[in-house]
Structure formats: structure tokens, C-alpha cells
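S.K.: Mind looking at a prediction? Sequence and model below.
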Amino acid sequence: MIVSGRVIKLGDKIDTDLIIPAKHLKYTDPQYLAQHVLEPLDPEFHKKASKGVVLIAGKLFGMGSSREQAAIALKAAGVKAVLAESFARIFFRNAVNNGLPVMSCSKITEFVVDGDYISVNLSTGEVSLPEKGINLKCKELPEVVIKILSSGGLIEYLKGVK
Amino acid sequence: MKYEVIMAGEQTLTEKILSRAAGKAVTPNDIVEISVDLIGFHDLTGFHVIEVIESVGYKYIPNPEKLVIAFDHLVPPPDVRSAEIQKLVRELARKSKVLNFHDVGDGILHQLLLEKYVEPGQVVVGADSHTSTAGALGAFAQGMGATDVAAALLTGKTWVSVPQSFKVVLKGVPKKWVTGKDVALEILREFKADYFNGMSLEFYVEKSSEFPMDYRATVSNMGIEFNADSTLFVPDAETYSYLKNERGVECKMISPDKNASYVDEHVIDLKDVDLLVAAPYSVDNVKGVREVEGMEVDMVFIGSCTNGRLSDLEIAAKMMKGRKVRSRCVVIPASRKVFNKALELGYIQTLVSAGCVVTFSTCGPCIGGHFGVAGPDEVILSTSNRNFKGRMGSPNSKTFLVGPSVAAASAVLGKVSEPGELQ
């Protein structure tokens, strides 16, 4: 499973209150949530992401609350994958369950800047930045996770398995 | 709960609980399916859980006997959509025969779980990150998203990656006015928010009565802020007497094995823990209260699933007795039981006389929802668990996390203050 796109780079500890503030949690509609994703950080983020981007972040991406809307909002806004130096446990599971590819990649922030073109092979963990001639090896995802992501999320995957 | 004997080497509490729930001996980094004993959700995540359950064709909530529902986030409903969400959850709970259902006013989910449901050694999952609170009673408790919680209801099971266990020893006696919150902040000061990612913290209290259940609940609650996979207090005499005195139950106790192996160990001498504060916008931006002393405070919030318990209200009442608050002060007991007890003991009357707004259990202010939202550039002193940008209202407000004694003393003086300054 390969995803690619231009990079938007964020810092450490992007918490779920930043990704989608609590005032939006009374709804689960992806298109509504997408309009408000990362709003406190950058109200224009959803416009920048709309053509399809890969997020690069530092430590503990998605820390904080269990709100699944965080993963839904990122995906619906056009985020094709999140590569972070580490993830908070709950967010990582929510992302997989909603078909948003996530991969741990230590030191990724040292190699990537905003606007880079990146290609990520989630099955092998190979990451390349062709314009810079850089190739990295990150932590590949287990086969079952790839299957869940390919189905679009846990529920769709389970329906397919039945 | 039925305990089958699992043949294994010496195990930590985490490994013991997960081995029982997996039906086989587990070791760290195993990914295993485990049975779940108790499942919780509230109004704001509950409707989402129900959407997932309905999307796979269910018309009722399965496994209702394992489920506890408490309305706490949108309480009482501040707008039509909130009321609509509660109506939807309430009606389906009734149709599905969910007996452990707590409507508006009963209390905050995590407090009700402690007061009525959790037992040592259980596996607890809840659609809220602060489900970690249940670890205070020696349960393996994890918050999860709506889909994972729906899956737990549908199958009675979930999966975990078995965490490495890390031992924390609490020895000695805390200084005056130092409580569980300061210990949680001390851990964040020392280790920062990412150190325990993927680990389970097991707390051993050397003098069990010196670190009572309310303090344990605060630390376990903040376990998710340490990003620990789970945060358990090894059941001891305090656990036993809490269950017996508060709940009238005698639970089977469960302990780690004597020679269980931990990835590491950290000893905290409680007498060395100072009054601490987490400054914006990160829970691990911890300072001594003295470093921010004197800063003017617009609003103080004493409550939440972190610090809305009886001992918190007792401390606040002691600080405020015969005094008036200079900062706006909102006080919210974590459950009806706590509220009633505080009324009986006169704490509520003292807080009201001091000028606090006291209301029934709701998560409102903690999530910037209602009942005390922070305005632009306002400084908030809160006993809750998160000070992320925009968490309690305006993205330009600044939340400082503190324990109840600093919160109450600061409310009286209108600026960040140590309790000693009142005397």
C-alpha cells in the first residue's frame, strides 16, 4: 500500500483538542468535521489539505482525548497519511479503525520540511523523498492493519470478512 | 469474575490481569485478544458508539449487562443538539435494557465507575480517555475510540498490545496540602508526557492510608496524560477498606507476584513532593507554584473527574471558610454522592458563602463546553487534567493545572498563591 503527496509538517504533541475542538464533537459527519480540522492551529488548514497531503509530525501525535472525530476529520480534509515520531495509543487505533494510514517513523522530522514530495510504502516501511534523493526506513504496518486500511476502516473490513 | 489458573512465570499485575483475560500467559509486546469485564461511555461519545453499532445492523446495544452509561459531558444539555444526543442514547439504553444507566445529575462516568462498578483485576474499557481512572482500584483500564468500544460491546472482547510494566513506589507521607495532583504533576515534571508511552504503570503505596483512594483516582486519571497504556494501583488495605466502607463489598484482591520483573522502577518520597502547577499549553510544562505566584487569576475551576471528590471539596472548604473569593470560582462535585456528602458536612454551604458557583456533576468547563468557558486572554486555574490550547475555551486563554489547595487559596486571593499565604 503506497501513498504519496506534498508534506505539511507539524510539531510535537499535536493533541486532539487541536485536531478537532470539543465544540465540534456533537457531530460525526466527515465533511462538517473536515472544515474544522486543526482549526485552533490554522483555520485555513482544511483548504491547504484539500488536494491531498501527507502530515509529518513529531512526538505523541494525537495525544489526549479518545474523540474518534480527530481521525475522521483529518482523513476527510484530505490527509492521506500521518507519519509521526510517535503516536498516542488511542489515536493510532482510531486512525486505523477509520482507514487513515498512520506510521511511526523515528527522526522523520529531521529529514522532511514543508512542501517536500513524499512517497510512503506502508507495507514495507520504505519512505522516499525523490526530489532530495533521500530514502528512509520506518516501521512497517502489520498485514492485518494494511487490510483494514485498504478496506477503509475496521467496520468495512469486518463486513468484508463476513 | 472467574479466575482460571494460568501457568506462567512471576507476573506483574498488568500481565496477570491480561493473562486471565486472554486465557493464556502473556508477555510484553504480545498482541492479544482479551475479554472485557466492564464497558463505559457517556453522552458525547455514546451517540457515536451507537452509530457504529447501528452501522453493522444492530437495533439494540449488545452485552448491556457489561455496560455503564453516564451522561456527564453535555449536562444539563446546553443546546438542542445536546438534548437530542441524550434523547437518542437514553431511548436506546432503555430499549436495550441497560440497567447501569445514569442520567443527568448522577455523576461523571469515571467517578461512578469507582463508586459502583469497578473491581480489582478487571479489564475496563471506556469511550473516554480518562477511563484510566479505574486503575485506582487495581483494574486494567483503557480509554478507546467509539469504534473500538462498539467492537467491545459487539464481541465482549478487545485487543491490546501487552505493555511493559514500570514500577512506581510511593513512600512516606505527603507534606501538608500536597495531594494526588501534585504527585501526578511531579511524575510529568520528571518524565515528561512521552516517556511512558507503551508502558503500564504499577503504583506500590508503602503506607496505604497516606495515599487514599481520592489521591489514587487523581493519579490514575492523569495516567493518560503520562500517555501510559494503563495506570494501576496495586490493591492494598486502602483498596479493601474503600470497597468495604464505600460500597459494602468484599472483593477478591489481586497482587503482582513478588519477583515480577519490571522494565524499571522509580521511587517517589512523598515528603519531597512540592505544590506544583502545569503551565500552558502542556501537561508536562510543570513548575513549582512559587514560580508563578502572584499572577492574577480570572477564573478558578475546582472539580472534574480529576479533582471533584470529597477530599478536594474538603480542602477547598477549609481554605474558604469565613472568606470571600476574589476570582470567579466554579465548583463541581464529581457525583451526586460526593455532592450530598459535601452538603451533609457543610462544605457546600461554606463554598457558596464564599461566593463560589456550585453546581451538580458536569464536565462542562473542563472541555470548554459550558458552565464556565474561558474568554480571550483569561487566566484559568483548574483542578482538571488538560491545559491544551483552547481546551477550556478561547485559544488565547491560559489554563494552569493545580491541586485543590492551590486552586482554592488562589481563588480567595485573586492571584496564584500557596495555601500558606492564607494563614
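M.R.: Nice, thanks for sending it over.
S.K.: surely residue B:238 meets residue B:209?
M.R.: Yes - counting by C-beta atoms under 8 Å, residue B:238 sits close enough to residue B:209 to count as a contact (5.9 Å). Every C-beta, even on glycine, is put in place using the N, C-alpha and C of the backbone.
S.K.: Settle it for me: which of these two has more neighbours?
M.R.: Per other C-beta atoms under 10 Å in any protein chain shown, whichever of residue B:238 and residue B:209 has more neighbours is residue B:238, with 20 against 11.
S.K.: helix/strand/coil for that one?
M.R.: Reducing the assignment to helix, strand or coil with DSSP: H, G, I helix; E, B strand; the rest coil, the entry for residue B:238 is helix.
S.K.: residues touching the closest residue in space to it that isn't next to it in sequence, list them.
M.R.: With sequence-adjacent residues excluded and distances taken as C-beta to C-beta, 6 or more residues apart in numbering or on different chains, residue B:238 is closest to residue B:208, at 4.0 Å. With contacts taken as C-beta atoms under 8 Å, 6 or more residues apart in numbering or on different chains, residue B:208 has the following neighbours: B:236, B:237, B:238, B:239.
S.K.: isn't the second one right next to residue B:207, touching?
M.R.: It refers to residue B:237. No - between residue B:237 and residue B:207 no contact is recorded; they are 9.7 Å apart, counting by C-beta under 8 Å.
S.K.: Poorly predicted segments of the chain, please.
M.R.: Went with chain A since none was named. When the per-residue scores of chain A are filtered using pLDDT under 70, the ranges that remain are A:162.
S.K.: nope, chain B please
M.R.: For chain B, residues meeting the criterion pLDDT under 70 lie at B:1-7.
S.K.: make it 90
M.R.: Applying pLDDT under 90 to chain B flags residues B:1-9, B:251-252, B:423.
S.K.: Can you pull the residues of it lying near chain A?
M.R.: B:44-45, B:48, B:51-52, B:55-56, B:74, B:81-82, B:85, B:127-129, B:131, B:142-148, B:151, B:193-194, B:197-198, B:224, B:227, B:229, B:282, B:367-369, B:386, B:388-391, B:395 (C-beta under 8 Å from any C-beta of the partner chain).
S.K.: Which ones among those map onto strands?
M.R.: B:142, B:143 (DSSP state E).
S.K.: Provide the partner residues of residue B:141 in its beta bridges.
M.R.: Under the criterion DSSP bridges, residue B:141 forms beta bridges with residue B:124.
S.K.: and the gap between the residue nearest to residue B:238 and chain A?
M.R.: Between residue B:208 and chain A the distance is 30 Å, computed by C-beta to the nearest C-beta, to the nearest Å.
S.K.: Could you measure from that residue over to residue B:139?
M.R.: As defined by C-beta to C-beta, to the nearest Å, residue B:208 lies at a distance of 17 Å from residue B:139.
S.K.: cool, and residue B:237?
M.R.: Residue B:237 is 18 Å from residue B:139, where distance means C-beta to C-beta.
S.K.: Comparing these two, which residue is more hemmed in?
M.R.: residue B:139 (31 against 12).
S.K.: quick one: buried residues of the lengthiest strand in chain A?
M.R.: In chain A, taking DSSP E as the definition, the longest strand is strand A:2-9. Residues of strand A:2-9 classed as buried: A:3, A:5, A:6, A:7, A:8, A:9 (neighbour count, 16 or more other C-beta atoms under 10 Å in any protein chain shown).
S.K.: next one: stretch A:131-146
M.R.: A:136, A:138, A:140, A:141, A:145, A:146.
S.K.: repeat for stretch B:189-199
M.R.: Taking 16+ other C-beta under 10 Å as the neighbour-count basis, stretch B:189-199 is seen to contain the buried residues B:189, B:191, B:192, B:193, B:194, B:195, B:196, B:197, B:198, B:199.
S.K.: Next one: the residue at minimal distance from the centre of chain A from residue B:236, what distance?
M.R.: For chain A, the residue sitting closest to the mean C-alpha position, by C-alpha atoms, centre = their mean, is residue A:82 at 2.9 Å. Taking C-beta to C-beta as the measure, residue A:82 falls 41 Å from residue B:236.
S.K.: One more: residue A:29?
M.R.: In this structure, residue A:29 lies at 48 Å from residue B:236, with C-beta to C-beta as the measure.
S.K.: Give me the more crowded residue out of those two.
M.R.: The neighbour comparison of residue A:29 against residue B:236 (other C-beta under 10 Å) goes to residue B:236, with 21 against 11.
S.K.: Would you mind confirming that that one is in contact with residue B:207?
M.R.: No - with contact defined as C-beta under 8 Å, residue B:236 does not reach residue B:207; the gap is 9.7 Å.
S.K.: Show residues contacting stretch A:109-119.
M.R.: A:2-9, A:54, A:56-58, A:83, A:85, A:127-132, A:134, A:136.
S.K.: Just read off the phi/psi values of residue B:332.
M.R.: In this entry, residue B:332 is assigned phi and psi values of phi -130, psi 110 (degrees, to the nearest 10).
S.K.: Could you measure from it over to residue B:305?
M.R.: According to C-beta to C-beta, residue B:332 and residue B:305 sit 10 Å apart.
S.K.: Need phi/psi at residue 103.
M.R.: Just so you know, I chose chain A. Note on residue A:103: its backbone torsions stand at phi -140, psi 130 [degrees, to the nearest 10].
S.K.: The chain in question should be chain B.
M.R.: Residue B:103 has phi and psi values of phi -80, psi -180 when expressed as degrees, to the nearest 10.
S.K.: contacting residues for the closest residue to residue A:31 other than its chain neighbours?
M.R.: Spatial nearest neighbour of residue A:31, excluding adjacent residues (C-beta to C-beta, 6+ apart): residue A:76 at 6.1 Å. Residues in contact with residue A:76 (C-beta under 8 Å, 6+ apart) are A:30, A:31, A:33, A:34, A:37.
S.K.: Just the buried positions in the host helix or strand of residue A:76, please.
M.R.: In this assignment (DSSP states H and E), residue A:76 forms part of helix A:69-77. Buried positions in helix A:69-77, judged by neighbour count with 16+ other C-beta under 10 Å: A:69, A:70, A:71, A:72, A:73, A:74, A:75, A:76, A:77.
S.K.: For chain A, just list every one of the helices.
M.R.: Secondary structure of chain A, counting by DSSP state H: helices at A:16-19, A:30-35, A:45-49, A:69-77, A:89-97, A:108-111, A:143-151, A:154-161.
S.K.: Likewise for the stretch 151-300 of chain B?
M.R.: The residue ranges that make up the helices of the stretch 151-300 of chain B, judged by DSSP state H, counting those that start in this stretch, are B:180-191, B:213-221, B:237-247, B:289-292.
S.K.: for the shortest one, packing partners?
M.R.: Where contact means 3 or more C-beta pairs under 8 Å, 6 or more residues apart in numbering or on different chains; DSSP states H and E, helix B:289-292 is packed against strand B:276-278.
S.K.: what's in contact with the strand it packs on?
M.R.: Contacts of strand B:276-278 (C-beta under 8 Å, 6+ apart): B:181-182, B:185-186, B:188-189, B:284-289, B:291-292, B:387, B:400-403, B:406, B:416.
S.K.: again, only this time at 6 Å
M.R.: B:182, B:185, B:285, B:286, B:287, B:289, B:292, B:387, B:400, B:401, B:402 (C-beta atoms under 6 Å, 6 or more residues apart in numbering or on different chains).
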